[in-house]
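In: need a 3D model of the sequence below.
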Amino acid sequence: MDLPIDVKIESLLFWKGEPVMVKELAKMLSVDEGAIQDGLKELEQKLIESNRGISLVREGDKVLLTTHSEVSEIITALNKEELIKDLSKATLETLSIVLYRGPIKRSEIDYIRGVNSQFTLRTLSIRGLIDRKTDPKDERAYVYTASIELLQLLGVAKKEDLPDFESVNNDIEGFMSMEEVKEDNEGTDEKESNESKEEDGGTEI
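Out: You can find the predicted model right below:
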């Protein structure tokens, strides 16, 4: 008897134990990506309805089987403990910005932190906690996003499920807006100061 495609997908994801691209699943099962998307929807629905101990996590074109959100509270606490004890304050700060604001450019991260973040971003990339992708708005630039592994560690299916996601984003947005206004005012003050000096100089002559 031929198994339903959602059952095949579940088996493959369990076997892989890591994020798998939709196109890779299609290749494994010799079907088109549309069939895989339908199978994923069916699998996700079945897992929710049956209240199983595992959940389906989707991040872009990657999918992964992970523990159920309620069961994962213990696992999440343990993972967080392991994660935090090895990371510096600066690295955790950068990770939080990428997690809540990603996809985000390095220049924007540097702007928010006020320091160069190149080293910390490299550390996070090596550990597989963030991904670097080509900026869809500029192929010459890169943006950083939280990896699907990080979402799994934190026990969330998507970043919008993070604690106080909206308020944290609003705080960061407000900070950036205030800094931009401050820079504009400083630029205006400097221009007025220069013009005043020029005028004073003209009076003296």
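In: surely Arg58 touches Gln152?
Out: No: contact between Arg58 and Gln152 fails when scored by C-beta atoms under 8 Å: they sit 11.6 Å apart. Bear in mind the C-beta positions are built from the backbone N, C-alpha and C, glycine included.
In: let me know the pLDDT of Leu56.
Out: Leu56 is assigned a pLDDT of 90 by the prediction.
In: I meant Lys46, not that one.
Out: Per-residue pLDDT puts Lys46 at 92.
In: that one contacts Val7, correct?
Out: No: Lys46 is beyond contact range of Val7, at 9.0 Å (criterion: C-beta under 8 Å).
In: check contacts around Ile5.
Out: By C-beta atoms under 8 Å, 6 or more residues apart in numbering, the contact list for Ile5 reads 29, 31, 35-36, 38-39, 42.
In: oh, that last question was meant for Ala26, not what I typed.
Out: 32-33, 35-36.
In: tell me the helix or strand right after the helix or strand hosting it.
Out: Under the criterion DSSP states H and E, the helix or strand holding Ala26 is helix 22-29. Per DSSP H and E, the first helix or strand lying C-terminal to helix 22-29 is helix 33-49.
In: the helix or strand that that next one is followed by: which residues count as buried?
Out: The element immediately downstream of helix 33-49 (helix or strand, assigned by DSSP H and E) is strand 54-59. Buried residues in strand 54-59, counted by 16 or more other C-beta atoms under 10 Å: 55-59.
In: which other helices and strands does strand 54-59 contact?
Out: Judged by 3 or more C-beta pairs under 8 Å, 6 or more residues apart in numbering; DSSP states H and E, strand 54-59 is in contact with helix 33-49, strand 62-67, helix 148-154.
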